[in-house]
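Peer 1: Fold the following.
(2 chains)
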2 protein chains.
Amino acid sequence: MSVSRRVMFSSFKLNVLLLGLLLPASTVAASGQNLVERLGYTPGTKLIIVHADDLGETHAVNAAAIKALESGAVNSASLMVPCPWFPEIADYAKSHPDADFGLHLTLTSERVYYRWGPVAPMDKVPSIVDENGYFFHDWEQNQHVDAKEVEIELRAQIKRALAMGVRPTHLDSHQYRLIMTGKDLFDAMLRVAHEYKLPVFVTRDWFADHPYLQQSLGPGDIVLDHTVTIEPEVPAEKWREFYLTALKNLQPSVTEFVIHPGFDNEELRAATRERSTWGAAWRQRDYDFFVSAEFRRILAQQNIKLITWRELAGAVAPK
Amino acid sequence: MSVSRRVMFSSFKLNVLLLGLLLPASTVAASGQNLVERLGYTPGTKLIIVHADDLGETHAVNAAAIKALESGAVNSASLMVPCPWFPEIADYAKSHPDADFGLHLTLTSERVYYRWGPVAPMDKVPSIVDENGYFFHDWEQNQHVDAKEVEIELRAQIKRALAMGVRPTHLDSHQYRLIMTGKDLFDAMLRVAHEYKLPVFVTRDWFADHPYLQQSLGPGDIVLDHTVTIEPEVPAEKWREFYLTALKNLQPSVTEFVIHPGFDNEELRAATRERSTWGAAWRQRDYDFFVSAEFRRILAQQNIKLITWRELAGAVAPK
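Peer 2: So this is what the prediction gives:
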């Protein structure tokens, strides 16, 4: 993930504030219908997806995510197809067909000492590779990214995943590139998603800043109510408090907790050493909170139910 | 590395036997002149390169190789440009321009759970990529590999290394693919090496099984006398004995010790877990022997001198 996500997403205080102000019976903008009710739940139900991002990126992330999934701390995740450790998690996905795995469509390589590039032949996608053939670390504000090339790369990632035995339940976007970079890229993602009949992770929280999202979505698309994700403004010692506050203030809705579990070991420290944001210690903190007994307890106390993308798609998607 | 190297290289016992039988003043087949003497040493001199392979493959290999280089245990190494951790070792090479780093030209991805593909656009090199766009794990006996495509890939690897600030001192071949797969691939490697004025790791030990090597080499090419590398036949408890025997039996010559240092940690264990050969424990054993005081002691006792590829090229290469 990246600091530039902060352009789009609210800070710690704002996040918590928003959660406190949520309308109890929010409407789904794309369909005009309440998502909780569309799913067959009673109107007051609080539903969350506890979603691990970035699987495939490193072994430390795969290992932590698998442990968190198997302990029930996490109930959904998405995989980065272009990354070196994708074969490990694809192999796991193949032998665990019930796991709720989406594809974390990836167009940046983010880190400095450990990198990856496109799945499509790089001469077919020149606008998204740097002079050495890797994905760019990050995109500049005015960077030219060709939406046709993006669509080629998205299809290549999905095809590789399918060929390697992954049966994705949803699509989302690494560093929200396909959400926040404008209508052309979002439409490319949506086109591919519709073709493969996969829901895309979108929440109506994002519509105000990015009105093209709502314009492009149709009545058959699933739109979540909210997302909760921790940001660099939260100091390490406030990690637990951030999540507890978010869970206690949760209103009836479908909310995705976007988390980044990983083990703070030599590999992950080396891979992320140029900055601490979304680094090894950060990911260990996420892992620690979500596998804790406290997290399980608060879910029960607050009567919060878990839901997966597979359940969402099965209940909501047009037949 | 791979079991199939055993087709080309002698077993433990044979290796040690050969070392005991070496002629004291061997000739360099390509030039007709003794390499030790060409280098300006007196005829009885024993020269070795202690060469770490596979840098860039994982962080565990980079970290161990850097520590071994900095402690003086290893004096030369080569880098795998297509691998995910190449940026880390390229950064190190850039800030350590005196390090004796070559390029470990790579055409296979070898492992199961952690993989990489070509640096060239994959539609330009279809004969060396599998159906998912990775390099093949390994090559079959009769696999069709297009030498023109190989040359495209070799140039792409060298160009990326140069663009990222690496100034290689030599070229060698991961899993000896470019040495043992026939004249066309060796000639492709040699053509590229000549163009970039880089010596290629070849020893005259290999001429009998692969006569095309000698046919293709010219008088300006450097040909080492021997190589020593440990093979799967050596049980873990005989590791030290293998190297001590090899060092004690060393005759006057220029010999490359091809070793594979790495740290036996979670990352390397996961990356190599499908088989133990050239795995995490194997690489830790190599690291442990070559950083040991015993290795330093035997070098002094046997009056064995270290030489790098940079020194070789500077002393021998045509001006």
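
Peer 1: tell me the secondary structure for residue A:68?
Peer 2: Classification of residue A:68 by DSSP: H, G, I helix; E, B strand; the rest coil places it in helix.

Peer 1: ok, it to chain B distance?
Peer 2: 16 Å (Cβ to the nearest Cβ, to the nearest Å). Placement of C-beta: from N, CA and C, glycine included.

Peer 1: Spell out which residues of chain A are next to chain B.
Peer 2: Contact residues, chain A versus chain B (Cβ under 8 Å from any Cβ of the partner chain): A:58-60, A:63, A:83-88, A:91, A:112-116, A:119, A:121-124, A:131-134, A:156, A:160, A:163-164, A:263, A:265-267, A:270-271.

Peer 1: at 6 Å instead, please
Peer 2: A:59, A:84-85, A:87-88, A:113-115, A:121-123, A:132, A:160, A:163-164, A:265-267, A:270 (Cβ under 6 Å from any Cβ of the partner chain).

Peer 1: just the buried members of these?
Peer 2: A:59, A:84-85, A:87-88, A:113-115, A:121-122, A:132, A:160, A:164, A:265-267, A:270 (16 or more other Cβ atoms under 10 Å in any protein chain shown).

Peer 1: quick check, residue A:299 in a helix?
Peer 2: Yes: assessed with three-state DSSP, residue A:299 lies in a helix.

Peer 1: For residue A:141, report the pLDDT, please.
Peer 2: Looking at residue A:141, its pLDDT reads 87.

Peer 1: Could you tell me the end-to-end distance of stretch A:113-121?
Peer 2: Using Cα to Cα, to the nearest Å, the end-to-end distance of stretch A:113-121 comes out at 23 Å.

Peer 1: In chain A, where is pLDDT below threshold?
Peer 2: Counting by pLDDT under 70, the ranges of chain A that qualify are A:1-33, A:317-319.

Peer 1: just to revisit the earlier point, filter the buried ones among the residues of chain A next to chain B down to the ones in strands?
Peer 2: Judged by DSSP state E, strands contain none of these.

Peer 1: all strands for chain A, in order.
Peer 2: A:46-55, A:76-79, A:101-105, A:171-173, A:226-228, A:253-259, A:304-306.

Peer 1: Quick one: those as CSV, columns for mean neighbour count too.
Peer 2: Shown next, in CSV, are the strands of chain A (neighbours: other Cβ atoms under 10 Å in any protein chain shown):
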stretch, mean neighbour count
strand A:46-55, 25
strand A:76-79, 29
strand A:101-105, 28
strand A:171-173, 23
strand A:226-228, 21
strand A:253-259, 25
strand A:304-306, 14
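
Peer 1: Same list (these) but as a markdown table, adding distance to residue A:189.
Peer 2: Formatted as a markdown table, the strands of chain A follow (distance: least, Cβ to Cβ, whole Å):
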| stretch | distance to residue A:189 |
| --- | --- |
| strand A:46-55 | 16 |
| strand A:76-79 | 13 |
| strand A:101-105 | 7 |
| strand A:171-173 | 7 |
| strand A:226-228 | 17 |
| strand A:253-259 | 17 |
| strand A:304-306 | 26 |
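
Peer 1: out of those strands, nearest to residue A:295?
Peer 2: Proximity to residue A:295 (Cβ to Cβ) singles out strand A:46-55 among the strands of chain A, at 8.6 Å.

Peer 1: which strands and helices sit next to that closest one?
Peer 2: For strand A:46-55, the packing partners by 3 or more Cβ pairs under 6 Å, 6 or more residues apart in numbering or on different chains; DSSP states H and E come out as helix A:59-70, strand A:76-79, strand A:253-259, strand A:304-306.

Peer 1: For my notes, please list the ones you listed in a markdown table and give distance to residue A:220 for each entry.
Peer 2: Converted to a markdown table, those look like this (distance: least, Cβ to Cβ, whole Å):
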| stretch | distance to residue A:220 |
| --- | --- |
| helix A:59-70 | 29 |
| strand A:76-79 | 21 |
| strand A:253-259 | 16 |
| strand A:304-306 | 24 |
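
Peer 1: Out of the ones you listed, which gets nearest to residue B:77?
Peer 2: Taking Cβ to Cβ, helix A:59-70 is the member of those nearest to residue B:77, at 23.2 Å.

Peer 1: just the CA coordinates of the closest one, formatted as CSV?
Peer 2: Extracted in CSV, the C-alpha atoms of helix A:59-70 (Å, rounded to 0.1, in the frame of the first residue of the first chain):
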residue,chain,number,x,y,z
HIS,A,59,6.3,-15.7,2.0
ALA,A,60,5.9,-13.8,5.3
VAL,A,61,2.6,-12.4,4.1
ASN,A,62,1.4,-15.8,2.7
ALA,A,63,2.3,-17.6,5.9
ALA,A,64,0.6,-15.1,8.2
ALA,A,65,-2.5,-14.9,6.0
ILE,A,66,-2.8,-18.7,5.9
LYS,A,67,-2.5,-18.9,9.7
ALA,A,68,-5.0,-16.2,10.2
LEU,A,69,-7.4,-17.8,7.7
GLU,A,70,-7.1,-21.2,9.4
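
Peer 1: Could you list the buried residues of it?
Peer 2: Quick answer for helix A:59-70 (16+ other Cβ under 10 Å): A:59, A:60, A:61, A:62, A:63, A:64, A:65, A:66, A:68, A:69.

Peer 1: I am finished for the moment; much appreciated.
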